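Enquirer: Whatever this is, show me its structure:
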Amino acid sequence: MSLYNVFDISGTGMSAQNVRLNTTASNISNANTISSSQDKTYRARHPVFAAELMKASESTGNNQGSSVGVKVLGIVESDKPLQIEYNPNHPSADENGYIYKPNVNVVEEMANMISASRSYQTNVQVADAAKQMLSKTLLLGQR
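Expert: Coordinates of the predicted model:
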């Protein structure tokens, strides 16, 4: 595996964590929204990641030249039940007096946000370490 592939791998990791951070931010921002029907109520969303094999060199026919990055397969809605509250005086209440709140757990979302942020930082550090290694390699011939 070439040292240049490290940049591709850490780049896919940073891109995936960016999607995770955006999804988490969307969940947190909609955590307190209220709806008058189950169909219109916001549902928590979560990204689905998978390992992505990439050929490091087109000329090699074996797996020794391949590296693994991260691929975002998509974003799925949570199937946890919605929060239903009886509040007949609320302006958004349905004909039976119920309001519907999203199935977002803010504590879990904050933990996801911290984890995604740390993973992003780690990928940045990996790319920086690879850059430093390449710079040191170029300096070897100057002495």
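
Enquirer: show me what contacts residue 101?
Expert: 32-35, 41, 82-85 (CB atoms under 8 Å, 6 or more residues apart in numbering). Heads up, the C-betas are built off the backbone N, CA and C, glycines and all.

Enquirer: same check, this time on residue 126
Expert: 6, 9-10, 13.

Enquirer: So which other helices or strands are in contact with the helix or strand encompassing residue 9?
Expert: Assessed by DSSP states H and E, residue 9 sits inside helix 4-29. Applying 3 or more CB pairs under 8 Å, 6 or more residues apart in numbering; DSSP states H and E, one finds that helix 4-29 contacts strand 45-55, strand 66-77, helix 106-140.

Enquirer: I'd like the average pLDDT over that helix.
Expert: Helix 4-29 comes out with an average pLDDT of 94.

Enquirer: buried ones in that helix?
Expert: For helix 4-29, a neighbour-count test (16 or more other CB atoms under 10 Å) marks 5-6, 8-10, 12-17, 19-21, 23-24, 26-28 as buried.

Enquirer: how far is it from where the chain is centred?
Expert: 5 Å (CA atoms, centre = their mean, to the nearest Å).

Enquirer: the inter-axis angle of that helix versus helix 106-140?
Expert: 160 degrees (axes from the mean of the first three to the mean of the last three CA atoms, to 10 degrees).

Enquirer: And the lowest mean pLDDT element among the helices and strands of the chain?
Expert: When each helix and strand of the chain is scored by mean pLDDT, DSSP states H and E, strand 45-55 comes last, with a mean of 85.
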